[in-house]
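Asks: quick one, structure for this:
(one chain, ligands or ions: 1)
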Amino acid sequence: MSIYTPTIGLEVHAELKTKTKMFCESPNNPDETTPNVNVCPICMGHPGTLPVINKEAVRNVLKMGLALEGGIADYTEFDRKNYFYPDLPKGYQISQYAFPLVCGGSLAGVAVTRVHLEEDTARSMHERGNYSVVDFNRAGIPLMELVTDPVIHDAATAGRFARELQLLIRSLGIGEANMEKGQMRVEANISVSRDNNKGTKVEVKNLNSFRSVERAILFEIERQTRLLEEGGRVVQETRGWDEGKQETYSQRIKEESHDYRYFPDPDLPKLQLSTVPECSAAQLRQEMPELPAERRARYQLLGIEDQAVETLVYDAKLGNFFDAIVNAGLKKEEINRGVNYLVSDTLGILKGVGKTTEDIVCSPEAFADLIAMLGDEKISSRGAKDILPVLLLKGGSPEAIARDKQLMQVSDAGALEKVALQIIAAHPKVAEEYKEGKEASLQFLIGQGMKETKGSASPTALRDALIAVIQTK
Ligand code: MN
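Replies: Just a heads-up that it's a prediction; the model follows:
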């Protein structure tokens, strides 16, 4: 029996968040809806214009390189990648070839080959009947291209890598990486080797969600394996992903071995990054935020369970809010309770009213107070669930809300002793049974006491009061 081994490499393009485009002063605004307004002679490729390198974009890619622990280039240059397409006004794309900004590194256990900087193309729209239109707002937007080594062997790992990359881009603040909006575009190179014979590589494009990345890879592995099993052979080609049919389809048979005639762009200076202070590793390291992997490790050390850790890491606003609650004095032993009220109750409440973490108006101190009140049994968990929505969306102090809603629990010993005496007087037999060792009888008395106080008593304090009264009898 033959052994079939899938091998996958990913190529990811991500638009970078900068004020202006890669080589000109046209705004880089991904939300612009009017076509062809963020344009100028440079990004429209008019003759005689000269590009200027966007330093912020270079710094963004270098930050990614540091996060991946890759090698940061000292010498780097930009090259022209020559080809013709209506969305490419100059007839070439400025990219990087022999001297990328970053070489090596890894993320989520996957080795990264390189990360380089280039410019995005314009957006062509073909759904116009018998003609196509082009929107040049996107032309020249800084684009980061990351290539992994072909070291992935299953769809789940590829999906995990892509999700982690999106998270990292967002955490670094260098892009939005929204796949549905095309801000992050993933291509997968997939081959299946039979026994030890190298397989033929198929490239799959237009994957615009993590699910389609995984589904397309699964589909290709199955398709190629079946072809080989049936004695056929895999054709080297570019395939698209049909979201409706959930299958890949042939786009270009035998990828015409492009000769892009790369050569260094003579209009741009070569860069010696060590001579640019803002691009020095030391300077960039100072600006690096806490990375997702670091945050994950920090939360795990606090003893937070894995799923909650992921929620706090993926929703950075929620994670920051949690950190602020801890700083506001949330006790160590209350951490898991606090996390639960945050990742399940709080998110549930917000979702229920169509809001997000950004809409939380209460202070971290107030949230910490609420958790402390629970711990001190000043309120019941039922009461906390009534207080929480008001606290989150209107703010204020949890104690004021609790008083307003009459949710403060009575734990005052004197008051509860009175209740205990009253309950025991009404049920002397049951009290006697408890004294003789019947534990369940105490539960009954607590229940009566809770009923008597309309649920406002702290169950633990009431329990203590009952035991004290019975024992002194
Ligand atoms: Mn590219």
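
Asks: so how far is T33 from G354?
Replies: 23 Å (CB to CB, to the nearest Å). Using the backbone N, CA and C atoms, a C-beta is placed for each residue, glycine as well.

Asks: where in the stretch 151-300 of the chain is pLDDT low?
Replies: 254-257 (pLDDT under 70).

Asks: how near is the nearest residue to N178 once chain neighbours are set aside to K205?
Replies: Spatially, and ignoring its direct neighbours in sequence, N178 is nearest to M184 (6.8 Å; CB to CB, 6 or more residues apart in numbering). Between M184 and K205 the computed distance is 14 Å (CB to CB).

Asks: same question, P47
Replies: Distance of P47 to K205, given as CB to CB: 32 Å.

Asks: those two: who's more crowded?
Replies: Comparing P47 with K205 by other CB atoms under 10 Å, the one with more neighbours is K205, at 17 against 6.

Asks: contact partners for the more buried one?
Replies: K205 sits next to E187, T238, R239, G240, W241, Q251 when contact means CB atoms under 8 Å, 6 or more residues apart in numbering.

Asks: what about the third one, how many neighbours?
Replies: Look at R239: counted by other CB under 10 Å, it has 24 neighbours.

Asks: correct me, but I304 touches I335?
Replies: Yes: here I304 reaches I335: they are 6.9 Å apart, a contact under CB atoms under 8 Å.

Asks: higher neighbour count, the two?
Replies: Taking neighbours as other CB under 10 Å, I304 and I335 compare with I304 leading, 22 against 18.

Asks: show me what contacts the more buried one?
Replies: By CB under 8 Å, 6+ apart, I304 lies in contact with L312, I335, N336, V339.

Asks: helices of the stretch 1-150 of the chain, residue ranges please.
Replies: If DSSP state H, counting those that start in this stretch is used as the criterion, the helices of the stretch 1-150 of the chain fall at 55-67.

Asks: what about the residue nearest to V234 when sequence neighbours are not counted, distance to M1?
Replies: Take V234 and drop its neighbours on the chain: the residue closest to it by CB to CB, 6+ apart is T200, 4.2 Å away. According to CB to CB, T200 and M1 sit 21 Å apart.

Asks: repeat for L268
Replies: In this view, L268 and M1 are 55 Å apart by CB to CB.

Asks: neighbour count winner among those two?
Replies: Neighbours per residue (other CB under 10 Å) separate L268 from M1, with L268 holding more: 17 against 4.

Asks: tell me the contacts of the more buried one?
Replies: Shown in contact with L268 (CB under 8 Å, 6+ apart): F23, P51, I53, E77, F78, I94.

Asks: mind checking which of the residues you listed land in strands?
Replies: Residues of those located in strands (DSSP state E): I94.

Asks: which one of the contacts of L268 is nearest C43?
Replies: Of all the contacts of L268, F23 has the smallest distance to C43: 7.2 Å, by CB to CB.

Asks: the nearest residue to Y260 once chain neighbours are set aside: neighbour count?
Replies: Spatial nearest neighbour of Y260, excluding adjacent residues (CB to CB, 6+ apart): K81 at 4.6 Å. K81: 20 surrounding residues under other CB under 10 Å.

Asks: for the one 5 residues further on, same thing?
Replies: Taking other CB under 10 Å as the neighbour definition, P86 ends up with a count of 11.

Asks: quick one: contacts for it?
Replies: Shown in contact with P86 (CB under 8 Å, 6+ apart): A122, S124, S132, V134.

Asks: so what touches stretch 282-300?
Replies: In contact with stretch 282-300 (CB under 8 Å, 6+ apart) are residues 59, 62-63, 66-67, 164, 167-168, 171-173, 277, 306, 308-310, 312-313, 319.

Asks: what about the residues you listed, which are in helices?
Replies: Residues of these located in helices (DSSP state H): 59, 62-63, 66-67, 164, 167-168, 171-172, 306, 308-310, 312-313, 319.

Asks: mind checking the SS state of T200?
Replies: Classification of T200 by DSSP: H, G, I helix; E, B strand; the rest coil places it in coil.

Asks: distance check, it against S132.
Replies: 32 Å.

Asks: so these two - more neighbours on which side?
Replies: When T200 and S132 are compared for neighbours, T200 comes out ahead with 16 against 12, by other CB under 10 Å.

Asks: quick one, what contacts the more buried one?
Replies: Contacts for T200 (CB under 8 Å, 6+ apart) come out as S191, R233, V234, V235, Q236.

Asks: and the residues you listed, which are buried?
Replies: The neighbour-count criterion (16 or more other CB atoms under 10 Å) marks S191, V234 among the contacts of T200 as buried.

Asks: so which of the contacts of T200 sit within strands?
Replies: Secondary structure from DSSP E places S191 of the contacts of T200 in strands.

Asks: what does the helix or strand hosting Y249 rub up against?
Replies: Assigned by DSSP states H and E, Y249 falls within strand 247-253. Here strand 247-253 makes contact (CB under 8 Å, 6+ apart) with 202, 204-205, 216, 219-220, 223, 235, 237-242.

Asks: could you pull out the strands for the stretch 101-250 of the chain?
Replies: Per DSSP state E, counting those that start in this stretch, the stretch 101-250 of the chain carries strands over the ranges 102-103, 106-107, 110-119, 123-125, 133-135, 142-148, 184-194, 202-207, 237-242, 247-253.

Asks: list the neighbouring strands of the third one plus their orientation.
Replies: With DSSP bridges as the test, strand 110-119 is paired with strand 102-103 (antiparallel), strand 106-107 (antiparallel), strand 142-148 (antiparallel).

Asks: what angle separates that strand from helix 55-67?
Replies: With axes from the mean of the first three to the mean of the last three CA atoms, to 10 degrees as the basis, strand 110-119 and helix 55-67 are set at 180 degrees to each other.

Asks: keeping just the C-alphas, turn strand 110-119 into PDB.
Replies: Output in PDB follows, covering the C-alpha atoms of strand 110-119 (Å, rounded to 0.1, in the frame of the first residue of the first chain):
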ATOM      1  CA  VAL A 110       5.400  27.000  11.200                       C
ATOM      2  CA  ALA A 111       8.700  28.200   9.700                       C
ATOM      3  CA  VAL A 112       8.500  31.400   7.800                       C
ATOM      4  CA  THR A 113      10.700  31.800   4.700                       C
ATOM      5  CA  ARG A 114      10.500  35.500   4.200                       C
ATOM      6  CA  VAL A 115       8.400  38.700   4.600                       C
ATOM      7  CA  HIS A 116       8.700  41.500   2.100                       C
ATOM      8  CA  LEU A 117       7.000  44.800   1.300                       C
ATOM      9  CA  GLU A 118       5.300  45.600  -2.000                       C
ATOM     10  CA  GLU A 119       2.400  47.700  -3.300                       C
END
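
Asks: neighbour-wise, which of the contacts of L268 leads?
Replies: If you count neighbours using other CB under 10 Å, the busiest of the contacts of L268 is F78, which has 25 neighbours.
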